[in-house]
Structure formats: structure tokens, C-alpha cells
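Asker: I'd like to go over a predicted model; first the sequence, then the structure.
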Amino acid sequence: MTRAMHAIIVSAPGGPEVLEYVERPDPRPGEGEIVVDVAAAGVNFIDIYHRSGAYPLALPTPIGSEGAGTVSAVGAGVDGVAVGDTVAWAGVLGSYAEKAVIPAERAVPVPDGVPAEVAAAAMLQGLTAHYLTHSTYEVKAGDHVLVHAGAGGMGQLLVQLVKLRGARAYATVSTSEKEKLAREAGADEVLRYDDFAEALRGRIDVVYDGVGRTTFDGGLEALRPRGLMALYGAASGPVPPVDPQTLNKQGSLFLTRPTIAHYIAEREELLQRASDLFGWIAAGQLAINVSHRYPLADAKQAHENLAGRRTTGKLLLVP
């Protein structure tokens, strides 16, 4: 008899209501693949973009891009991974499931000092925070760095890494409760969205903006001449087209729109970033704030809460 497992799929683009909790046959690994019993899957804005059709996918499709768990089967041609190993991944569709099929080259080993749930929560946002602070712009001691949405899961990680690099961290938030979280993450100054541009005008070396439409123009105003805007997300909506002359007039500014896929494309780079990340976590230098856990069947609620910006920290689905 074929054994079954549960997963979340999307058959048509739309709101959270299109997330379907379905039963599917247990997967088997193909060549170069492993099957993982999922301990937890991270919930991220990219999942919302996939669900809504903002980032179109061939439908129907499994959803979820990040997770961690225990290897339960190994396909042909796989070396260095064995049944019983704990692994984590990012950028692999199908993570909202009890069992996930992962290309072995995309799986990273999770060290003993890092619980699987923490690894799942750390991968996508942690790797993003790593490449933003170490590669997109190499933050250095004495820099002035602005992190938007400083109380969110991504924002808290960015603030912590900015401080690890010896820089001064500024964060934007919307409420006093969120200000407390940003300060606990290490932010030196916390501002509200309506006055940050005026308060910081011309003082910031790099802006990390995952909010998008509502913060972008103010972020450019906050930058010093030759400063860099790293626009890595669009929680408030996409940024309208930008006239390059705006960058000229506001101080020969730099603008980049990075994505994680280009910073972990090579396995060596993926492993190096993950090794740094898990090392900081194990050493207590980087805290992962898992604020909400939902049963897999409650993926709709998780999406509603994330999209409504009603949460802080990291959201997980736990099969």
C-alpha cells in the first residue's frame, strides 16, 4: 500500500485561500536527490509572491522555499549525505510538506549545536542577511547602516549582523512594541517611518530595504553621497521605475536589487555562508527569534498574518 503524506499546494494564483492542504503519496528521491522528513518550514514573503502570482510558477505547484529536517531516503549518485543526517535548505520549492524532495547539492549539514527548527528559521533570512552585509555591501566598523522593518525576522538578523561587523545600526519600526524588539536586537537608534528620512538625511552609508514602495524614496534621501541602496524586497508593494538621474542628483548614489539565488548559486558559497551562520548561532552571537509556530494545515493563517504585518520575528510551519 502506498503511504501518504500531507503538503500545501497552489493550483491557481490568489490570496491565502488558494493554499490547499492535500494528501500526496510519499515522495521518492531521484538521482542526486534526498527525501527529508520536514521538522519545520519557514514562512517568507517570497512564498506570498509565489502564491499570488507576483513571481509566476507553473501550476499546480507545491509551495514553500525553506526548511530543515532529517534525511529519510537518499537517491543514486548522492555522496556525503546519509539517512539520519539533519539538513537544511533554502530556495527549494515544496518545503510546506511533511516530506520534501531536495537536490543534495542544495542541502547543507546542520551542526549538533543547532536545533532543526532553528536551522529552518535561519536559512533564507539568515543567508540573505549574510550576503547583504558581507557581499552586496561589505559592512565595516564605523559605517552607518539603516535597516527597515527592524523588528521583523529579517530586520532583527540584519541589525545583529550589522553590529557584529562593528557598524552603527539604525532601524525603522511602526510601534513601541516593535521598537523594543529592534533595540533588543542591537539597534542603536530606532525611528518611525514618517520621520526617518528627515532625521537621517545624508548620514547613511547603506540602506537595507525589504519594505519597498513606502520607504524607498526616503531611503534615498537618508543616504550620504555615493551611498548604496540595497532593495531586497517589497513588503509594501513594488517600487515604481526610477529615473537614473535621481541617483545623480542625490549624490551619485548606487542602487542594487539583489536576490539570494545569485549569492548561493555555487555550492561552495552556499556552504560557506551557512557555516558562518550556524557558527554564530551555536556560539550565541546570533539569535533567531521564532515568534509564531503554526501546524502545516494552518498555512493560510500564517500567510494572512505575515502579509498583514501582524507578526514580529520568524514564522514556522511545523508538520
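Answerer: Happy to help now that I have it.
Asker: please make it C-alpha for all contacts and neighbour counts, starting now.
Answerer: Will do.
Asker: now name the helix or strand holding the residue positioned nearest the centre of the chain.
Answerer: Geometric centre of the chain, nearest residue: Gln125, 2.7 Å, by CA atoms, centre = their mean. When secondary structure is defined by DSSP states H and E, Gln125 falls within helix 116-131.
Asker: show me what contacts Glu17?
Answerer: Residues near Glu17 by CA atoms under 8 Å, 6 or more residues apart in numbering: Lys300.
Asker: list the buried residues of stretch 296-312.
Answerer: 296-297, 299-300, 302-304, 306-307, 311-312 (16 or more other CA atoms under 10 Å).
Asker: list just the nearest of those residues to Thr215.
Answerer: Ala307 (16.7 Å; CA to CA).
Asker: following the longest strand along the chain, which helix or strand shows up next?
Answerer: Across the chain, the longest stretch assigned as strand under DSSP state E is strand 33-43. Next helix or strand after strand 33-43 toward the C-terminus (DSSP H and E): helix 45-52.
Asker: can you list the residues that contact that next one?
Answerer: 10, 13-16, 18-19, 55-57, 63-65, 235, 303, 306-307.
Asker: and that helix, how far from the chain's centre?
Answerer: 12 Å (CA atoms, centre = their mean, to the nearest Å).
Asker: got the angle for the longest strand of the chain vs helix 116-131?
Answerer: Inter-element angle recorded for strand 33-43 and helix 116-131: 80 degrees (by axes from the mean of the first three to the mean of the last three CA atoms, to 10 degrees).
Asker: okay, now the unreliable bits of this structure?
Answerer: 1-2 (pLDDT under 70).
Asker: helix, strand, or coil at Gly166?
Answerer: In three-state terms, and counting by DSSP: H, G, I helix; E, B strand; the rest coil, Gly166 is coil.
Asker: pretty sure Ala171 contacts Val190?
Answerer: Yes - judged on CA atoms under 8 Å, Ala171 makes contact with Val190 at a distance of 4.8 Å.
Asker: shared neighbours of these two, anything?
Answerer: By CA under 8 Å, 6+ apart, Ala171 and Val190 have these common neighbours: Ala182.
Asker: those two: which is more packed in?
Answerer: Ala171 (29 against 23; other CA atoms under 10 Å).
Asker: any idea what the more buried one is bridged to?
Answerer: Counting by DSSP bridges, Ala171 forms beta bridges with Val147, Val190.
Asker: against Arg203, how distant is it?
Answerer: Ala171 sits 14 Å away from Arg203, taking CA to CA, to the nearest Å as the criterion.
Asker: got the domain ranges for this structure?
Answerer: Listed by automatic domain parsing, the domain ranges of the chain are 4-123+261-318, 140-257.
Asker: same list (the ones you listed) but as a markdown table, adding distance to Leu132.
Answerer: Below are the domains of the chain laid out as a markdown table (distance: least, CA to CA, whole Å):
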| stretch | distance to Leu132 |
| --- | --- |
| domain 4-123+261-318 | 9 |
| domain 140-257 | 8 |
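Asker: would you list every one of the helices in this structure?
Answerer: 45-52, 116-131, 153-164, 176-185, 196-200, 216-222, 244-249, 267-282, 299-307 (DSSP state H).
Asker: looking at the ones you listed, which is nearest to Gly75?
Answerer: Of all the helices of the chain, helix 267-282 comes closest under CA to CA, at 18.6 Å.
Asker: for that closest one, name the packing helices and strands.
Answerer: strand 108-109, helix 116-131 (3 or more CA pairs under 8 Å, 6 or more residues apart in numbering; DSSP states H and E).
Asker: pull the number of nearby residues for the nearest residue to Asp37 once chain neighbours are set aside.
Answerer: Nearest non-adjacent residue to Asp37, counting by CA to CA, 6 or more residues apart in numbering: Lys99, 4.7 Å away. A count of nearby residues for Lys99, using other CA under 10 Å, gives 27.
Asker: could you do the one 3 residues further on as well?
Answerer: A count of nearby residues for Ile102, using other CA under 10 Å, gives 26.
Asker: give me every residue that touches it.
Answerer: 33-36, 89, 92.
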